[in-house]
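Enquirer: what's the 3D shape of this:
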Amino acid sequence: MKTLNILVCFFILVCGSLPQISFGSEVIYNIGAHKFSVPQKNIPDLSPWSWVKSVVGLDQDVDSFIFEFSGDEIKLHIGAYTPTRNSLDQKVIGAVYHVSQDEKNRFDAPEKYSNLWYATKNYGSREVLFDENSGYYFVFEKTGYRGLFYVFSRPPEGELPASIDDFFVAGCSGSSTTELRHVSCSKQIFIADDLVVDFSVSLENLVSLVNVVSFLRATFTEWRVSQLGAKA
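Expert: Residues are numbered from 1 along each chain as shown. Prediction:
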């Protein structure tokens, strides 16, 4: 009992010395040469101690930070989104991270999908299906395999496009290797030359991906803080 009392007193002293966290407050993240003021409600609670790493009112110098939007919040801004109560699949969860020029060049290189596009090497038995709901093409690594696939905006025919933006949409994975079940699709976008936003949506909301991208770009523009201390 004496040990328990000592521990309780320790936590009271520690917690009492930290800034108070309140709803509606913001955390400042310095990432590379950029600064963002992120609402506390959009910082996911990934562990019981996550709040210690994101203390309101203090600048955080980081290489990356994680964010989330509820399905209801996304739907409020873009309309076409389909949130489902108590479903993690409907959240938009992602990360913002700093990249070097070499890393950016690798992101932008369409050649990394060359074998998939031409069905060569390990992709000789790839399967391409057109998805009427989204209007995209699902390119599976091999016939009948559904565990991992890629989403293209055009069928992989003819010459590989010179720009990755001319065909690549997202990479998707699910909980089953034989059917499309609990599928999440990941997308990366640049919001600055050296900043990438990596996020995911459920397969059901792939049809709203363009609108989600527009929403995220606008939101991070709103969250950006100028070097003079005012929102950019």
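Enquirer: which residues touch Arg217?
Expert: Counting by Cβ atoms under 8 Å, 6 or more residues apart in numbering, Arg217 makes contact with 189, 191. (Each C-beta comes from the backbone N, C-alpha and C, glycine too.)
Enquirer: after the helix or strand hosting Val201, which helix or strand is next?
Expert: Using DSSP states H and E, Val201 maps to strand 195-202. Next helix or strand after strand 195-202 toward the C-terminus (DSSP H and E): helix 209-223.
Enquirer: just want the angle from that next one to strand 195-202.
Expert: Counting by axes from the mean of the first three to the mean of the last three Cα atoms, to 10 degrees, helix 209-223 lies at 140 degrees to strand 195-202.
Enquirer: tell me the mean pLDDT for helix 209-223?
Expert: Across helix 209-223, the average pLDDT comes to 96.
Enquirer: alpha carbons of it, as CSV, please.
Expert: Extracted as CSV, the C-alpha positions of helix 209-223 are listed here (Å, rounded to 0.1, in the frame of the first residue of the first chain):
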residue,chain,number,x,y,z
LEU,A,209,-10.6,9.7,-53.5
VAL,A,210,-10.2,12.8,-55.7
ASN,A,211,-12.4,14.8,-53.4
VAL,A,212,-10.5,13.5,-50.3
VAL,A,213,-7.2,14.6,-51.9
SER,A,214,-8.6,18.1,-52.5
PHE,A,215,-9.9,18.3,-48.9
LEU,A,216,-6.5,17.3,-47.5
ARG,A,217,-4.6,19.8,-49.6
ALA,A,218,-6.9,22.6,-48.5
THR,A,219,-6.8,21.5,-44.9
PHE,A,220,-3.0,21.4,-44.8
THR,A,221,-2.8,24.8,-46.4
GLU,A,222,-5.1,26.0,-43.7
TRP,A,223,-3.0,24.4,-41.0
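Enquirer: next one, pLDDT for the closest residue to Leu203 other than its chain neighbours please.
Expert: For Leu203, ignoring the flanking residues on the chain, the nearest one in space by Cβ to Cβ, 6 or more residues apart in numbering is Val183 at 3.7 Å. Looking at Val183, its pLDDT reads 93.
Enquirer: what's the answer for Asn105, then?
Expert: Confidence score, pLDDT, at Asn105: 93.
Enquirer: and the residue nearest the centre of the chain, how far from Lys91?
Expert: The C-alpha lying nearest the average C-alpha coordinate of the chain belongs to Phe199 (Cα atoms, centre = their mean; 1.3 Å). For Phe199, the distance to Lys91 equals 10 Å [Cβ to Cβ, to the nearest Å].
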